[in-house]
Structure formats: structure tokens, C-alpha cells
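*Asks:* Make a model of this:
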Amino acid sequence: MWFSNLICYRFKQDVSYNQEDFEQALEQDVFRPCGSQDMSTFGWSKALGKHGHSLSHFSKNSILVCAKREEKVLPAAVVNDMVAEKVELIEREENRPVKKKEKDELKENILATLLPQAFKKSSLQFAFIDQENGWVIVNSASFNKAEELLALLRKSLGTLPVVPAFANYDLDVFLTNWLTNFETPEGFAIGTDAELEEPDDNGAQVKLKQHDLSTDEIKHHLESGKRVTKLALDWRERVKFMLQNDGSIKRLSYADALKEQNADIPKEDMVVKLDADFILVSEEIKELIEELTQSLGEAEDLA
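*Replies:* A predicted model of the protein is given here:
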């Protein structure tokens, strides 16, 4: 429930979803396990896991959803070795070369034979919709995986008019200016991790971890033309995170005081606790994102 990485999107128009209609829409694409010949499946799972009964969880004008992926595990090296053995056998017994098309057919046949016996692995991906402010927040470190969840949500709902939240910001400029001046928007403070790189494709990179970023060494890197691509920030001593120039927010770490707010809810009331945790973390993320985008907007206006 505690989102650790954020890929953020913003609705292009106001949204208001009816809970019953929303649930029915998700039921069209409910998760199903892999069949004998499926490499993977992807669909909606219960938002609160085994403690819930619905695919979506509505709370305080936000909607929590969970997508589940199941994949067959077939190591490429094993498949390639089996193909090579089959090719070698054909070439020896029939005294002829095996061409690419035939190799591809052999590989398909081997995959079809192995798939029913393959191990399976599954993963969950959470996201929430903030209907009040118009956000979609995906708990993911990868834009590709976030887009997969959005594609599934768009398929279920029929439409999903969203755009990446930071698409219109040149975050390189903001991050570099903040570190150069060692000054951030109100409510934010510079942490101890950063990555800098020269602007050309093959330029040098500098990775800093647990480092005092106010030193002359860092100033020298910045004066030499390096740009900041990742910067650790502390927001109101409540959430620490890494802001990247692609707009992703990674490595969220919540203050102990925040995580302990719902500690008194007994484990017997797990649905109540999960709902309380969702409200707590979603409200915190909403406020963080609103303040961050407002600060970027103000800075952009002043530029």
C-alpha cells in the first residue's frame, strides 16, 4: 500500500466515476491464470487483495486498482540449446543445412511443448485515480510498465484521456538550477544523492550517494557543464525521494511518524487498516505532487 515509485499522469478533463459502473468495467478484464499455451496474462485483481471483495477500492474521492501479471518462466538459454541440438541432429541425419525459417518453426514447436510444464511467476502493480485533482498515480519505476497498466485501464473504461504529468517541464533545467544555487522551492530540501552527466550522448557521468552536495567538488562539476539528471529531495521532513529528469519519482521513503499513524488499528480489522493506509499514503502523495507541480509552474513563469 505504501507506494515506493511514482509515474504520474494528469487527466485532460474533469472525471467522476460511478463505483458500480467502474467495477463492472474492470470485470471485463479480470485476471485469469495462464493457460497451457499462454506466455503471460494481465488483468485486474482485487484492490485490497485477499482482504477485499472488489477489483476497485473507492475511498475519499480516490480509487485504488491493482493489476496482476502472470508469466511463464522459460530461460532463453535452455530453449536455444534445445533448438541447437535439434538443428544439429537434422543436419547430421539429413546431410543438409537448416535455414532460418525452419529454425524458427523448431523453436515454436519446442516452446509449445515446454509451455504447459513451465514455472509461473506473478507480480502486482498498484495505481490510484485522484478524481478531485485529476491525477493517475502508478506505483512503478518503469514507464513501460506504467503504460501497460494505463492501456489495460483504457481498455476497460473505453477511454482514459491522460498525459504524463511532467511532459511540459524541462526538469534538467530545474534540477541543475536547484543544485547550482543549492536552493529549492519552499517545502523541499536537497538530499545527499544525485547524478550528473555531460549533455552529449557519450558524456561523462557522476553518481553521488550519501554525499554533501553543497561542496566545491559539486560546484566544479556543474561549472564544467554537467547537468543534473537525478536529485534526492526531502519534502517537509515527511517524504524523501529521487526526482529524475524523465519525470519519474523513485525511492520514496516515508517518515516513521507518518507510517506509525495507523499502527493502533488491530490486525483483526485488516480491511479498515488497509483503507486507512491507502487514505494516508494517497493524500500524502497528492499533496506532494500538487506542491511539486505548482513550484515548477511558478518557476517556469519566473523564467
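
*Asks:* what does stretch 175-195 rub up against?
*Replies:* Contacts with stretch 175-195, where a contact means CB atoms under 8 Å, 6 or more residues apart in numbering, come from 205-214, 218-219, 222, 227-236, 240, 242-243, 245, 291-292, 295-296, 298-299. Where C-beta positions appear, they are placed from N, C-alpha and C, glycine not excepted.

*Asks:* So among those residues, which ones count as buried?
*Replies:* Among the contacts of stretch 175-195, those scoring as buried are 206, 208, 211, 213, 218, 222, 227-235, 240, 242-243, 245, 291-292, 295-296 (criterion: 16 or more other CB atoms under 10 Å).

*Asks:* Among the residues you listed, name the ones in strands.
*Replies:* 206, 208, 227-235, 240, 242-243 (DSSP state E).

*Asks:* Tell me which two in those are the farthest apart.
*Replies:* Using CB to CB, the two most remote members of these are Val206 and Trp235, lying 24.3 Å apart.

*Asks:* quick one: Lys103 and Val87 touch, right?
*Replies:* Yes: proximity of Lys103 to Val87 meets the contact threshold set by CB atoms under 8 Å, at 6.2 Å.

*Asks:* which parts of the helix ranked longest in the chain are buried?
*Replies:* Scanning the chain for the longest helix, with DSSP state H as the assignment, gives helix 270-302. Going by neighbour count (16+ other CB under 10 Å), the buried part of helix 270-302 is 273-282, 284-289, 291-293, 295-296.

*Asks:* got it, and stretch 137-152?
*Replies:* Buried-residue list, stretch 137-152, by 16+ other CB under 10 Å: 137-141, 145-150, 152.

*Asks:* what would those residues look like in CSV with secondary structure and pLDDT?
*Replies:* As requested, these are arranged in CSV below (DSSP: H, G, I helix; E, B strand; the rest coil; pLDDT from 0 to 100):
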residue, secondary structure, pLDDT
Ile137, strand, 98
Val138, strand, 98
Asn139, strand, 98
Ser140, coil, 97
Ala141, coil, 95
Lys145, helix, 97
Ala146, helix, 98
Glu147, helix, 98
Glu148, helix, 98
Leu149, helix, 98
Leu150, helix, 98
Leu152, helix, 98
